[in-house]
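Chemist: one predicted model, sequence on top.
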Amino acid sequence: MTSLHRSLRRSISKSIYPTSSSCYALWENHSSRDRLFSSTSKDTAIQDRLARTLYRQLLRWCQDTGGEIPLTPYVPPVTTMPPVVNERSLKRLSDGQEEAIREFLPRNSIIQRHHITVPIRRASDIGNLLKAIFRMNDKPSTAIKEQKERISVAMKTLKSLNELTEALQEVQQEREKHLDREGIKMSIGQMVQHKTERWRGVILGWERIRKKQHPEAGFTSLTTKGYNQSNKEDDENETDPDNEIQYTVILDSGDAHLTAGRHAVHGRLGHALTSESDLELLQDVALCRIRGSLISRYFERFDATSKCFVPNEAHEYLYPLDVAHLNGDELEQRMNTKRNEIGDDIVQAIQRFSSRLQKVISNGNYTCNSHIMNNFNHRLSRLAVGDVLTEEDRLTNPDINGALLATLHLRWFLNMTLELAELIWERRIAKESMDNIKFCLGDIVQHKLYGYRGVVVAWDPKPAVDVSLWDGLSDVENPNEKPFYHIIPDQNDCLQQFGGERPFRYACEENLELCPRHRTILEVDMDPEWDIDTETKNYTPPEELKFKHGEDIGDDNVTEQFLEEVHNEIRNLYLAQRGFSENLNQDLIDIAKVFSLDTLFQFLKLANNLDTAVAAEESIKELWKAHPDASIRFKLDQGVADLLGGNKEKALVVFQELAVEDPNYAEAWNKASTCYFMLGDMQSSLEAAEQAISLLPKHFQAVNGLGLIQYETRRYKLAAASFRQSLEMDPWSPVASRLASCMDLLIGGDLEDEIKTAKSKGPTIE
């Protein structure tokens, strides 16, 4: 968050609304305030007049401020509750009554029985909220405490709004600086590339500075109060020939890591400050979608026809003349319509499948109600009715469209699927390893060498990292093959043994022993989910942790059966989405026709923001892993775990075995290609990638891998072709950074061919 944003938020977040300093000073005088809230009818009338006066003052602030300046980045949503508003009126409003009051509130307000939360986009929204509150409180309260609270809040609110006025004046001054575009060649949102350092980025802002100034890299005055430092002479000579234009550019995160130079420092910050002469506009649409942590803060979407990022309302306000080129042409509108139509299909399919899954579970007659089962049932219930919007989603998106809902549904469904698969996989691995595990969750152990005591909170059948060079393991034979334990240590022992506190320890089984009973009183910082009995010195882990570690949770394995059935249904859906139909339910096949792999690819290609693209990308990747044989799918997960753990050779053996067991399993070939690449065997990696692509031509991960192999072996023209093929399927792929590097390395005719190919490609709609 920029300093301007922070100052604005500080000025408004202290209370929900906002008086002149003299009035507020009078209110702060306790004796005056106490006299006001006496019980006489005369004083009640004074209180009523004061409330109305404050109400008029607040409305006058809204009118004087005007409705132009967007307040969303500066003013958080306002939450109001009794006694500020009448409790009965609030309940009627939440029950669908009080339509006249509801009309004052934005459509995306959160109205509940005990509070209202309202997004503030303009000063008029504050005014309308005040009108709604005034009408809910149309009957004067007889409770002195309520009267006092309401007037107190109104006083503080008026004070806060007066402070906000000063901050908004700074915003207005910043806007006025950008009303003159004389000599400005580039606009915010445009995609540029540095002429020498070759990174790509999107223009966040620009300013005129004196050539003699040498500002340090960082945000320009559009996001700080730096403009106050310029003197009057500089302001009067903005068009002076001694001035130059400097741009703040958000860098592509991939470029920041791939290329070297001064901007590598800026890359860690996510932006760079550079002069206009160092930049050129990007013409290649394949290179225009970039990834950067700051983009979503200032831009709402990517416009494929103009090859620009579209600024959000608040950022556009600061640069009012920079967005004339974003005219929303017919093709962009058609793409938007198609994107929302596909989004609607995805939403309906996921809801339909979730309802079907609920029926399958119901027919299973599961008698156990474990916390794990209840959690998945609850999430399925929400998915079935489309209850995927958080309060923040509702408040920040006044217009909920099909594409946004589809993104959220995909994310919900994917997260649930991944968590489900992880639970099943971890429990199965734990059960296979339990015979070699000496200590259980909750056991109190002590270290044989270092003497500290602690509670076992997790274990690994083998260490998650290479421990061969760790202290204390010199006498342990082959420690990388021994069980290791995660321990929450006693803090007094840590102070004594290590000279300071330690949040956890990771210890080999051979260096641990059970702690003597008389030494089991510990000072440990356990997670709140653990049940701790200080009298019996027992530490009981939460149900999910016990389940993951293969322990009995007292349900006769009902939870495990439940998860397996849900997982099998999701696997069958994935297979149906890829075109498999043998032995599958017709209802499932019908859902998959709407929610097909091709549908996800269309949605991915039309994605106009990174969140939507990632949701589609990850969903497609999960489909590729699906296999009719559950044991093969499980074995793939084992190989992936080995690879992530750094054991590339062992992972490669697993993927090679899978490719032999099922030569048509494209994901096994793709993962084998990755292992070969990491081991430096480029030829084998190339052959495995080509085999994966022959089985699944749209496997963009395999195509990415092919391009990387070609890039590393200096076949840049072939690499560029592979990267373009991938970007054609997944326009938001991070391999755009590699394509940009290829373009710089290609020379002569090859480069001309590449540029010609790039310019011939434009946005299309299927």
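Modeler: Happy to help now that I have it. Numbers count the residues shown, from 1 in each chain.

Chemist: rest of the way, CA atoms for contacts and neighbours
Modeler: Noted.

Chemist: counting by contacts, list what the lengthiest strand in the chain packs against.
Modeler: The strand that spans the most residues within the chain, counting by DSSP state E, is strand 200-210. Under the contact criterion of 3 or more C-alpha pairs under 8 Å, 6 or more residues apart in numbering; DSSP states H and E, the helices and strands touching strand 200-210 comprise strand 191-194, strand 243-251.

Chemist: go through these and find the least confident stretch.
Modeler: Here the helices and strands packed on strand 200-210 differ in mean pLDDT, and the lowest is strand 243-251 at a mean of 90.

Chemist: what strands line up against it, and which way round?
Modeler: Partner strands and pairing direction for strand 243-251 (DSSP bridges) are strand 200-210 (antiparallel), strand 271-275 (antiparallel).

Chemist: buried deepest among these, which one?
Modeler: The densest packing among the strands paired with strand 243-251, expressed as mean neighbour count by mean count of other C-alpha atoms under 10 Å, is seen in strand 200-210 with a mean of 25.

Chemist: can you mark which positions in stretch 404-422 are buried?
Modeler: Residues of stretch 404-422 classed as buried: 404-414, 416-417, 420-421 (neighbour count, 16 or more other C-alpha atoms under 10 Å).

Chemist: next, give phi and psi for residue 489.
Modeler: Backbone torsions of residue 489, given as degrees, to the nearest 10, read phi -90, psi 160.

Chemist: bridged to it, which residues?
Modeler: In this structure, residue 489 bridges to residue 454 when assessed by DSSP bridges.

Chemist: repeat that for residue 247.
Modeler: Beta-bridge partners recorded for residue 247 (DSSP bridges): residue 206, residue 274.

Chemist: is it true that it touches residue 278?
Modeler: No - the pair formed by residue 247 and residue 278 falls short of the contact definition of C-alpha atoms under 8 Å, at 9.9 Å.

Chemist: more crowded one of those two?
Modeler: When residue 247 and residue 278 are compared on other C-alpha atoms under 10 Å, the one with more neighbours turns out to be residue 247, at 24 against 15.

Chemist: give me the neighbour count for the closest residue to residue 293 other than its chain neighbours.
Modeler: Leaving aside its sequence neighbours, residue 293 sits nearest to residue 270 (C-alpha to C-alpha, 6 or more residues apart in numbering; 6.8 Å). Here the neighbour count serves as a burial measure; for residue 270 (other C-alpha under 10 Å) it reads 21.

Chemist: residue 270: what's it in contact with?
Modeler: With contacts defined as C-alpha atoms under 8 Å, 6 or more residues apart in numbering, residue 270 is in contact with 250-253, 292-294.

Chemist: could you rerun that using 7 Å?
Modeler: Taking C-alpha atoms under 7 Å, 6 or more residues apart in numbering, we find residue 270 in contact with 250-251, 292-294.

Chemist: with distance to residue 283 and neighbour count as added columns, please give those residues in CSV.
Modeler: Conversion of the contacts of residue 270 to CSV gives the following (distance: C-alpha to C-alpha, whole Å; neighbours: other C-alpha atoms under 10 Å):
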residue, distance to residue 283, neighbour count
250, 18, 29
251, 17, 30
292, 20, 19
293, 23, 13
294, 22, 16
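
Chemist: closest one of these to residue 302?
Modeler: Nearest to residue 302 among those, counting by C-alpha to C-alpha, is residue 292 at 12.9 Å.

Chemist: am I right that that closest one sits in a strand?
Modeler: No - using DSSP: H, G, I helix; E, B strand; the rest coil, the assignment for residue 292 is coil, not a strand.

Chemist: what residues sit buried inside stretch 543-555?
Modeler: Along stretch 543-555, the positions that meet the burial threshold by neighbour count (16+ other C-alpha under 10 Å) are 543, 545-551, 553.

Chemist: give the other helices and strands that the helix or strand residue 705 falls within contacts.
Modeler: Here residue 705, judged by DSSP states H and E, is contained in helix 700-712. Helices and strands touching helix 700-712, by 3 or more C-alpha pairs under 7 Å, 6 or more residues apart in numbering; DSSP states H and E, are helix 682-695, helix 716-729.

Chemist: and with 6 Å instead?
Modeler: Identification of packing neighbours for helix 700-712 by 3 or more C-alpha pairs under 6 Å, 6 or more residues apart in numbering; DSSP states H and E yields helix 716-729.

Chemist: helix or strand right after the helix it packs on?
Modeler: In the C-terminal direction from helix 716-729 (assignment by DSSP H and E), the next one is helix 736-745.

Chemist: from residue 417, how far off is residue 321?
Modeler: Taking C-alpha to C-alpha, to the nearest Å as the measure, residue 321 falls 46 Å from residue 417.

Chemist: please name the nearest non-neighbouring residue to the residue nearest in space to the middle of the chain.
Modeler: When the chain is reduced to its mean C-alpha position, the closest residue under C-alpha atoms, centre = their mean turns out to be residue 611, at 7.5 Å. Once flanking residues are discounted, residue 611 sits nearest to residue 407: 7.4 Å by C-alpha to C-alpha, 6+ apart.

Chemist: what's the helix or strand where that neighbour lies packed up against?
Modeler: Per DSSP H and E: residue 407 is located in helix 402-433. Counting by 3+ C-alpha pairs under 6 Å, 6+ apart, the packing neighbours recorded for helix 402-433 are helix 330-363, helix 543-548, helix 610-625.

Chemist: one more time with 8 Å, if that's ok
Modeler: With contacts taken as 3+ C-alpha pairs under 8 Å, 6+ apart, helix 402-433 sits against helix 330-363, helix 371-385, helix 543-548, helix 558-577, helix 610-625.

Chemist: nearest to residue 504, out of these?
Modeler: Ranked by C-alpha to C-alpha, the member of the helices and strands packed on helix 402-433 that lies closest to residue 504 is helix 543-548, at 16.9 Å.

Chemist: tell me how far that closest one lies from the chain's centre.
Modeler: How far helix 543-548 lies from its chain's middle: 27 Å, per C-alpha atoms, centre = their mean, to the nearest Å.

Chemist: ok, stretch 309-317 next?
Modeler: The gap between where stretch 309-317 is centred and where its chain is centred comes out at 20 Å by C-alpha atoms, centre = their mean.

Chemist: could you report the pLDDT at residue 515?
Modeler: Reported pLDDT at residue 515 in the predicted model: 94.

Chemist: mind checking the SS state of the nearest residue to it once chain neighbours are set aside?
Modeler: Once its chain neighbours are removed from consideration, residue 515 has its nearest residue in residue 445; the separation is 4.6 Å (C-alpha to C-alpha, 6+ apart). For residue 445, the secondary structure call by three-state DSSP comes out as strand.

Chemist: pLDDT of the helix holding residue 705, averaged?
Modeler: Along helix 700-712, the predicted local confidence has a mean pLDDT of 97.

Chemist: stretch 166-186 now?
Modeler: Averaged over stretch 166-186, pLDDT sits at 90.

Chemist: and for stretch 395-404?
Modeler: For stretch 395-404, the per-residue pLDDT values average out at 90.

Chemist: any weak-confidence spans in the stretch 251-400 of the chain?
Modeler: For the stretch 251-400 of the chain, residues meeting the criterion pLDDT under 70 lie at 259-269, 325-328.

Chemist: one more time with 90, if that's ok
Modeler: In the predicted model of the stretch 251-400 of the chain, residues 254-271, 283, 292-293, 304-306, 323-334, 362-369, 392-399 satisfy pLDDT under 90.

Chemist: what of the stretch 451-600 of the chain?
Modeler: Under the criterion pLDDT under 90, the flagged ranges of the stretch 451-600 of the chain are 464-466, 468, 474, 517-518, 520-521, 533-538, 579-585.

Chemist: can you give me the strands in the stretch 51-200 of the chain?
Modeler: In the stretch 51-200 of the chain, strands defined by DSSP state E, counting those that start in this stretch lie at 78-80, 110-111, 116-118, 191-194, 200-210, listed in chain order.
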